[in-house]
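1. With the sequence up front, the predicted model follows.
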Amino acid sequence: MTVDKTGVEVVVADAPERQRFEISVDGTVVGSAHYRDHDGRRIFFHTEVDGAYGGRGLGTILVRESLDAMRAAGTRVVPVCPLFKAFVEKHDDYADIVDKPTRDDLSFLRERT
């Protein structure tokens, strides 16, 4: 079980049909981390959390649990989203699954987003 800074239980789940991880509070989706899969890696390019839920640490929970799911699946991650980039720069324990974005990755994203 994961709880936010207010002690409320939150759930993070992959929604592959929408190409994003979602974070829910009391059954309501309040944020998402959008991705595209390319060359066997997952590129995270945009993360958002509803402003009404700001200050509760939901963005950090969403990033951490998304990365943990990628590690468990054996999938490498390319952090293009500023929140993902900042998180992995501060948490060396994810360095083993992270790749820097290439020009090809960025071109792929421009074509698909």
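-> Right, received. Where do you want to start?

2. would you list every one of the helices in the chain?
-> 58-73, 82-90, 103-112 (DSSP state H).

3. Now do the shortest one and helix 58-73, the angle between them.
-> On the basis of axes from the mean of the first three to the mean of the last three CA atoms, to 10 degrees, helix 82-90 is oriented at 70 degrees to helix 58-73.

4. packing partners for helix 82-90?
-> Under the contact criterion of 3 or more CB pairs under 8 Å, 6 or more residues apart in numbering; DSSP states H and E, helix 82-90 touches strand 41-49, helix 58-73, strand 76-79. (Glycine included, C-beta is placed from N, CA and C.)

5. Can you get me the centre-to-centre distance for that helix and its chain?
-> Remark: helix 82-90 is offset 10 Å from the chain centroid, using CA atoms, centre = their mean, to the nearest Å.

6. The last one now?
-> For helix 103-112, the separation from the chain centroid amounts to 18 Å (computed by CA atoms, centre = their mean).

7. which residues touch the nearest residue to M1 once chain neighbours are set aside?
-> In space, and not counting its chain neighbours, M1 is closest to E9: 5.7 Å by CB to CB, 6 or more residues apart in numbering. For E9, the contact set (CB atoms under 8 Å, 6 or more residues apart in numbering) comprises M1, T2, V3.

8. where does the second one land on pLDDT?
-> What it means is T2. You'll see T2 listed with a pLDDT of 96.
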